[in-house]
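**Q** When you get a sec, could you give me coordinates for this:
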Amino acid sequence: MEVLEGKAQLQTFIRRNRIALIAFAKKGSSEWEYARRLLTRLESRAGYLMSFAIADKSLEEAVASNSEEIVIRLYLESKPVFEQQGVFGKQDLDYEALRRGIKAVLKRHSIKTLF
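**A** Residues are numbered from 1 along each chain as shown. As a prediction, this is how the structure comes out:
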């Protein structure tokens, strides 16, 4: 999983990867750590299918940077195709909700997932 430090790095990551999952959270917060652990778990199951990154909320204009909410967005060919705002706060529930949502979206685009 990559940590994206600037807007240029964010845009490059999205363009460079066919399927990219990015979590936006306030850097240094407990939400950042939670999002990092959640994406690490997803990454271990998804394998090479998609690329994972975490970025500070300030890098994405569409995300309210004053909110403590974690926003997780899936990009397919540089276009956002799935977004989840907020989390349940329980690793198993959040993992399952993301897994099912991502799987359903990718299936509609004829992409088979590994989880």
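**Q** can you list the weak-confidence ranges in the chain?
**A** The chain contains residues with pLDDT under 70 at 61-68.
**Q** This structure: strands as residue ranges?
**A** Taking DSSP state E as the criterion, the chain carries its strands at 2-4, 19-25, 51-56, 71-76, 79-85.
**Q** which one of those is the most hemmed in?
**A** Highest mean neighbour count among those (mean count of other CB atoms under 10 Å): strand 19-25, with a mean of 24. The C-beta positions use only the backbone N, C-alpha and C, and glycine is treated the same way.
**Q** Given it, what are its sheet partners and their directions?
**A** Strand 19-25 pairs in its sheet with strand 51-56 (parallel), strand 71-76 (antiparallel), by DSSP bridges.
**Q** sorry, back to before: save the strands of the chain as JSON lines, and put in distance to residue 42 too.
**A** Output for these, formatted as JSON lines (distance: least, CB to CB, whole Å):
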{"stretch": "strand 2-4", "distance to residue 42": "14"}
{"stretch": "strand 19-25", "distance to residue 42": "7"}
{"stretch": "strand 51-56", "distance to residue 42": "7"}
{"stretch": "strand 71-76", "distance to residue 42": "9"}
{"stretch": "strand 79-85", "distance to residue 42": "12"}
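**Q** of all these, which lies closest to residue 109?
**A** Closest approach to residue 109 among those is made by strand 71-76 (6.1 Å; CB to CB).
**Q** which residue ranges form the helices in the chain?
**A** Taking DSSP state H to define them, one finds helices in the chain at 7-16, 30-46, 91-108.
**Q** chain center to stretch 4-20: distance?
**A** Chain-centre distance of stretch 4-20: 12 Å, with CA atoms, centre = their mean, to the nearest Å.
**Q** start to end distance for that stretch?
**A** The first and final residues of stretch 4-20 sit 12 Å from each other (CA to CA, to the nearest Å).
**Q** Buried ones in it, by neighbour count?
**A** Using 16 or more other CB atoms under 10 Å as the test for burial, stretch 4-20 gives 4, 10, 13-14, 17, 19-20.
**Q** Any chance of the helices of the chain in JSON lines with distance to residue 52 as columns?
**A** Putting the helices of the chain into JSON lines (distance: least, CB to CB, whole Å) gives the following:
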{"stretch": "helix 7-16", "distance to residue 52": "10"}
{"stretch": "helix 30-46", "distance to residue 52": "5"}
{"stretch": "helix 91-108", "distance to residue 52": "11"}
